[in-house]
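**Student:** Here's my sequence, what's the structure:
(2 chains)
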Amino acid sequence: MEKKNLLAQEILKEAKAQGADYAQCTVTESEKKEFNVDGGRFSLMRTLFNRNVVITVLKEQRKGTVQINRFDEDAIKTAVADAVAAADSGMPDPAWEFADGPVEESFIDGTPECDTDRLFARTKELLETIQEKHPKILMEQMITEHNGWQSVYMTSKGVTYRKTAGCYSFSLMYSGHEGEKSTSFYGSEVTLKTLDKPVIECGLIERELKMVEDQLDPKPLEGKFTGPVVLAPYALGEIVLWTILGNFASDGCLIDGSSIWKDKLGEQVADPSFTMSFNPYSEDVVISERYTEEGYPTANYDLIRDGKLNCFALSQYGANKTGGKRAANSSSGMTVKSGDKSLEEIIAGIDRGVLVMRFSGGSPSPSGEYSGVAKNSFLIENGKIAGALTETMISGCVPEMLKQIRGISSDTLKDGNGSIPYIAFDGITISGK
Amino acid sequence: MLQDILTARKALFATGAHTELRGQNSRNRRVVLLNGDVVGNVRSDVSGISARVYRGGVYGFSSMAEYSAEAAETVLKAATENAAFMDRHAPAGKPDIPPLPLKQYPAQADIEDAAQKIYVEFAREADAYVAKKYPDLVSRRLVTMEDSMEKLIIVSDGTDAHIMAPRAYTYVMMTAQTKEGMPVELFKAFGGKGTFGMNFSDPAKLYPEIDELYERLMQKREGVYADAGEKTVILDGMMTGMLSHEAVGHTVEADLVLGGSVAAHNLNKRVASDLVTLTDFAHTAFGEECPLPVFVDDEGTEATDAPLIENGILTGYMNNRESAQHFGMQPQGNARAWSFSDEPLIRMRNTSIHPGKDKLEDMIASIDDGYYLIDSNNGQADTTGEFMFGVTMGYEIKGGKLGKALLDTTISGVAFDMLKTVDMVSDKVTWCSSGYCGKKQPMPVGMGGPALRCKVKIGGR
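**Tutor:** Next up, the predicted model:
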């Protein structure tokens, strides 16, 4: 850590010498261990030794950024010169603002050191357990890894954060097979602090494997109707949560004025049962975002509380551009408040609808309209799962959906990065053959 | 330019184990203007060395963010140890990869590096044109960028090469409002292979197409929702390129075939109408150099075309050297890595359906009630061949004539079913190369094709 600390100091000194009014840098050194499974068998082991330096300077309110992965003196001097030259070529923008010091903090998050033998053992155990308990599942690809890193963030305004961190992550891509029959592929992911229990018990992996196995005999939906759709956590993120963030509540859409929520702060934008938060300090998050890129310390916050738009997900730059208020973190630890009914109870209340595990659709429009294929999905009839679906499309409009929430499950996906439930929405267009 | 400190390290390669040593520098320059403000102004240079060693059916890999002889020795040692670890704990018991003859591909010229102010000034001038001419836009975004890869590839057997692959683009995005106050947007990418300077000398050269983009956005602002259901459509070349890449190309990548894709059961079977022939081109297609030519891949295989569908019959897969051995096929140079710290994966290069004999205007005139679909913002496909593409620009076809523009919609289908409905193919190919294919790592790819008349499912409201 000391070497990176000294390097960060040198970078700031060099930036000042080259005429920067403000400078900040992040110096990172990392090591990754990774195992790959392809087509159901081990294929690769990787060890990566990496470095990264990101330098940002402000000169006369003009900003320039350079990224390199070398620590030597010549490379650093050149990188600082390039960052200053980039700033020189830009245009003044008084909205750039960074945290004031003095602040000096150090953090340790997750598990910085890798236990390689245990990682391999848990990977092998997971593969063998799936082959034994879910014989119809073919693991197209599984990537298991440990990432460990040390970083120093330092600014010329006296802000310093040092972080030592590490975590394990498991990413599975698989499909169901029986003879020439196969299902759509599906992906499960978890980030873990420790390897103290079998990975199949983490996140929703076991449930998702079972559901994919049950999709080997899908049938197309006949006709078209408007009805309820239950979105599983990944599909909920894809259709609703990332659209809220990207299209309605973040820097880009608020600065350019395209957000349809730009004048709705404090207004009811969703059903009162819906609360969406960014909680980096939740126990469901393995690696917490401790500070923002602009150097501000982070805290948990509610973006939408009891259906009301509580604030926007703005950076300090975005806040200055729009006259708004900076959010308490950079949208990390996404959490949607769970409900009090199980998924089964929510399904039991639906006469005819669809459970969507994955969504494959075009990016929702700036107004939140979307359409796409309901992948890995099931028809719901008379309160029960009535079989897997194929070639079924769904379409809707996110702002309208948020006001037509039928139920939020108590079951949630806790994948190490937040907590997301299943949500049932009314009024979705569902079309088949 | 990377100095060759790697060839001398061949002496350290383990005997009898296929070994690759790769030095790489990846360069990225990017300027983003949002309504005239420079919100992104970034230069990135990332370099290092990686080694990959094959032993008994498993690979060991290691990389280091340093370009030096010591780093080469460190990653060779670590990759060899990783291969041994895997061979010991998860033995695959496979034979060695068949060797390729030793060759040397001629070194390519260095890549010119433009100063950042070139990117900023070009973006500002183009942005000023849009701002002045079209003040009614809700927002505008201009991006100028270049990404380039320099690779020094040294292999135990096969072709050593020193490759330069720059590409540069300007993206123009515009947002307008409907009468109801709802935002609608369109975007267009300009550019292609080569440096920024080779692609962009004068912003004014883009203005006619920027004007056309604005006109289409105004039409889209007055647009209608597509009527959901299965329809006869014309996919324009960009959409055909997406289809070639996403819906067919990925299913015939040999690693996905081994992972259970639909192509596993369809080799030498009919998967499309007689009018459909599809090839993943290496560097030359239809008598011209491809949008993103590949001459040697990262396993040291000289790149040749990979025929995939011939007159409707699935005839081949795309392979790396290991999968080619498995399927008894020839490797054709599809194994490519994104960064120095990435291992080569089976990737497409320039994937296109071959042109036919029909004229686009005749194809439109042949449809009584359908859609002409021109552009897409994203596409996804399943290993089953079920695909989905977002449609950002299209028109109704009524009585053989173009009608109103469409609001954003989505099309979907199952590739090997839908391709059997192709009954007209235009005589002109359109290429696109501005995006990245995502498959564990990003990768620049070219995709293209002629206009197709076919049946797909379209989403509506």
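**Student:** drop to CA atoms for contacts and neighbour counts, all remaining ones
**Tutor:** Fine.
**Student:** how about the strands of the stretch 151-300 of chain B, start to end?
**Tutor:** For the stretch 151-300 of chain B, the strands defined by DSSP state E, counting those that start in this stretch cover B:159-177, B:183-193, B:229-235, B:278-281, B:284-285, B:288-289.
**Student:** Highest mean neighbour count out of these?
**Tutor:** strand B:278-281 (a mean of 25; mean count of other CA atoms under 10 Å in any protein chain shown).
**Student:** Report the distance from that one to the chain centre.
**Tutor:** 13 Å (CA atoms, centre = their mean, to the nearest Å).
**Student:** Stretch A:174-193 too?
**Tutor:** 20 Å.
**Student:** Contacts for that stretch, please.
**Tutor:** Residues outside stretch A:174-193 that contact it (CA atoms under 8 Å, 6 or more residues apart in numbering or on different chains) are A:110-111, A:136-141, A:166-173, A:202-205, A:208, A:212-213, A:215-217, A:286, A:358, A:375-376, A:414-417, B:260, B:262, B:265, B:382-384.
**Student:** Just the buried ones among the residues you listed, please.
**Tutor:** A:110-111, A:136-141, A:166-170, A:172-173, A:202-205, A:208, A:212-213, A:215-216, A:286, A:358, A:375-376, A:414-417, B:260, B:262, B:382-384 (16 or more other CA atoms under 10 Å in any protein chain shown).
**Student:** Could you list which of those residues belong to strands?
**Tutor:** In strands, defined here by DSSP state E, the members of the buried ones among the contacts of stretch A:174-193 are A:110, A:137-141, A:166-170, A:172-173, A:358, A:375-376.
**Student:** then stretch A:325-339 to CSV, C-alphas only?
**Tutor:** Provided in CSV are the C-alpha atoms of stretch A:325-339 (Å, rounded to 0.1, in the frame of the first residue of the first chain):
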residue,chain,number,x,y,z
LYS,A,325,-28.9,17.7,-5.0
ARG,A,326,-26.0,15.2,-5.1
ALA,A,327,-27.1,11.6,-4.2
ALA,A,328,-25.5,9.8,-1.3
ASN,A,329,-23.8,7.2,-3.4
SER,A,330,-23.2,6.3,-7.1
SER,A,331,-26.2,3.9,-7.3
SER,A,332,-24.6,0.9,-5.6
GLY,A,333,-26.2,-1.8,-3.6
MET,A,334,-29.6,-1.7,-5.4
THR,A,335,-32.4,-2.8,-3.1
VAL,A,336,-36.1,-3.1,-3.6
LYS,A,337,-38.1,-3.5,-0.4
SER,A,338,-39.6,-6.9,-0.2
GLY,A,339,-43.3,-7.6,0.4
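**Student:** residues near whatever residue of the stretch 151-300 of chain A ends up closest to chain B, how many?
**Tutor:** Among the residues of the stretch 151-300 of chain A, A:Asp256 lies nearest to chain B; the distance is 5.3 Å by CA to the nearest CA. The number of residues packed near A:Asp256 is 17, by other CA atoms under 10 Å in any protein chain shown.
**Student:** Can you tell me the closest non-neighbouring residue to it?
**Tutor:** B:Ser139 (5.3 Å; CA to CA, 6 or more residues apart in numbering or on different chains).
**Student:** contacting residues for B:Ser433?
**Tutor:** Contacts of B:Ser433 by CA under 8 Å, 6+ apart are B:192, B:291-292, B:444-447.
**Student:** what about it, distance to B:Tyr54?
**Tutor:** For B:Ser433, the distance to B:Tyr54 equals 32 Å [CA to CA, to the nearest Å].
**Student:** What does the spatially closest residue to A:Phe425 that is not a sequence neighbour show for phi and psi?
**Tutor:** Among residues not flanking A:Phe425 along the chain, A:Ile405 sits closest, at 4.6 Å (CA to CA, 6+ apart). Note on A:Ile405: its backbone torsions stand at phi -80, psi 130 [degrees, to the nearest 10].
**Student:** what bridges to B:Met164?
**Tutor:** Taking DSSP bridges as the rule, B:Met164 bridges to B:Glu150.
**Student:** Quick one: name the residues of the stretch 351-461 of chain B near chain A.
**Tutor:** For the stretch 351-461 of chain B, the residues found near chain A under the criterion CA under 8 Å from any CA of the partner chain are B:377-380, B:382-384, B:386, B:388-391, B:408-413, B:459-461.
**Student:** Helices - which of those land there?
**Tutor:** Members of these lying in helices (criterion: DSSP state H): none.
**Student:** residue contacts, the closest residue to B:Gly60 other than its chain neighbours?
**Tutor:** Closest residue to B:Gly60 apart from its sequence neighbours, by CA to CA, 6+ apart: B:Ala83 at 3.8 Å. By CA under 8 Å, 6+ apart, B:Ala83 lies in contact with A:44-45, B:53-55, B:58-61.
**Student:** Right, I'll leave it there.
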